[in-house]
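>>> Okay, predicted coordinates and the sequence, questions at the end:
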Amino acid sequence: MFAIVASAQFYCLWLATTSVLAYDFVYVACCIHIILQVRLLKWKIKNALDRYQENPKPKLWYYITHHQFLYSMFQRMRNIFSAMLLFHYLVTLFSSCFVLLQLLLRNLDAVSYASQIVTIVFYIAQFALYTFPAEEVAFQFLDLPNAIYISKWYKNDVEIQRLMLYVMLKSQQQKYFTGAGLIDINVETFDSVLRKALSFCAIFKNLLKN
C-alpha cells in the first residue's frame, strides 16, 4: 500500500511539474516571438520610410497588415493567459507572506530555513518569468510610434504619412497583459508583490513586539 501511494504521489508530482513547465514554456515562447517580430517590423518600417522609393505604399500596407496580425495575436494571448496570470499573482503574494510569517514565528534549523528561502525564491522567480516578458511585449508595441517618428516620414507623400499616423495611433492604444482584467501584469506588479509581502512582514513583526 505504501508503494502504491508513493507511486501515485510521484506520478502526480511529475504530471504537475511537466504541465507547469510546458505551460510556462509556451507563454515565454509566444512572448519572445512577438517581441522579435515587432522589433523586426519596426526596423522594416523605418528602413522603408528612410529609403527613397517610387511607390513604397504596397510594402507599407503589408507591414501594417502584419502589425494588425501581431496585435491580434497579442489580444488572443491576453485572453488565454488572463486567469492564469491572476492565479500566479495571488499564489505569489500569499505564498510569500506565508513563508515570511513562518520565518518570523518558528525557530527553524538551517536546513528548514534554507528550504523556506528556496521556496520563496522559486515563487518570486516564477512570477518574474511572467511579468518581465509581458512588460517587454507592451514596450515593443508602444515603441513602434517612436521608430516611425525618428524615420524620414516627412519626405514621403501625404498619403503615406496618413498611413503611418494610423499605425502610430493604433500602437498608442496598446495595453498590458492583465490578471482577469483586474490588474496589469508588468514590472510594477512584480515590484508591488515584493513590497506588499515585505510590508506584511514588517507590520506583523511590529504587532509581535507590541
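Yes, it's here.

>>> got the contact list for the residue nearest the centre of the chain?
For the chain, the residue sitting closest to the mean C-alpha position, by Cα atoms, centre = their mean, is Ala134 at 2.0 Å. Contact analysis of Ala134 by Cβ atoms under 8 Å, 6 or more residues apart in numbering lists 31, 85, 176-177, 185-186. Backbone N, C-alpha and C define where each C-beta goes, glycine included.

>>> Would you mind checking the residues you listed for buried ones?
31, 85, 176-177, 185-186 (16 or more other Cβ atoms under 10 Å).

>>> Now flag whichever of the residues you listed is closest to Ile45.
Nearest to Ile45 out of those is Cys31 (Cβ to Cβ; 21.3 Å).

>>> The closest one is in contact with Val137, isn't it?
Yes: between Cys31 and Val137 there is a contact at 5.4 Å, judged by Cβ atoms under 8 Å.

>>> phi, psi of Asp157?
Dihedral pair for Asp157: phi -70, psi 170, per degrees, to the nearest 10.

>>> buried stuff in stretch 45-65?
Across stretch 45-65, burial judged by 16+ other Cβ under 10 Å covers 45-46, 48-49, 56, 60, 63-64.

>>> circling back to that earlier point, select from the contacts of Ala134 every entry located in strands.
Among the contacts of Ala134, the members found in strands (DSSP state E) are 177, 185.

>>> surely Gln172 meets Phe141?
No: contact criterion Cβ under 8 Å: Gln172 and Phe141 do not qualify, at 9.1 Å.

>>> out of these two, which sits in the more crowded spot?
Set Gln172 next to Phe141 and count neighbours by other Cβ atoms under 10 Å: Phe141 wins out with 23 against 11.

>>> Same question for the more buried one, what's its three-state structure.
Following DSSP: H, G, I helix; E, B strand; the rest coil, the label given to Phe141 is helix.

>>> isn't it right next to Val38, touching?
Yes: using Cβ under 8 Å, Phe141 makes contact with Val38 at a distance of 6.1 Å.

>>> Which stretches in the protein count as strands?
Using DSSP E, the strands of the chain run over residues 177-179, 183-185.

>>> partners of the last one, with directions?
When sheet partners are counted by DSSP bridges, strand 183-185 sits next to strand 177-179 (antiparallel).

>>> got the contact list for the partner strand?
With Cβ under 8 Å, 6+ apart as the test, strand 177-179 has contacts from 77-78, 81-83, 85-87, 89, 130, 134, 137-138, 184-186.

>>> Which members of those are classed as buried?
Counted by 16+ other Cβ under 10 Å, the contacts of strand 177-179 give 77-78, 81-82, 85-86, 89, 130, 134, 137-138, 184-186 as buried.

>>> Go through the residues you listed and name the one nearest Ala202.
The closest of the buried ones among the contacts of strand 177-179, once distances to Ala202 are taken by Cβ to Cβ, is Tyr89, at 20.9 Å.

>>> Contact partners for that closest one?
127, 179, 183, 185, 189, 193.

>>> related to what we said a few turns ago, confidence-wise, which of the buried ones among the contacts of Ala134 comes last?
Of all these, Tyr176 has the smallest pLDDT value, namely 82.
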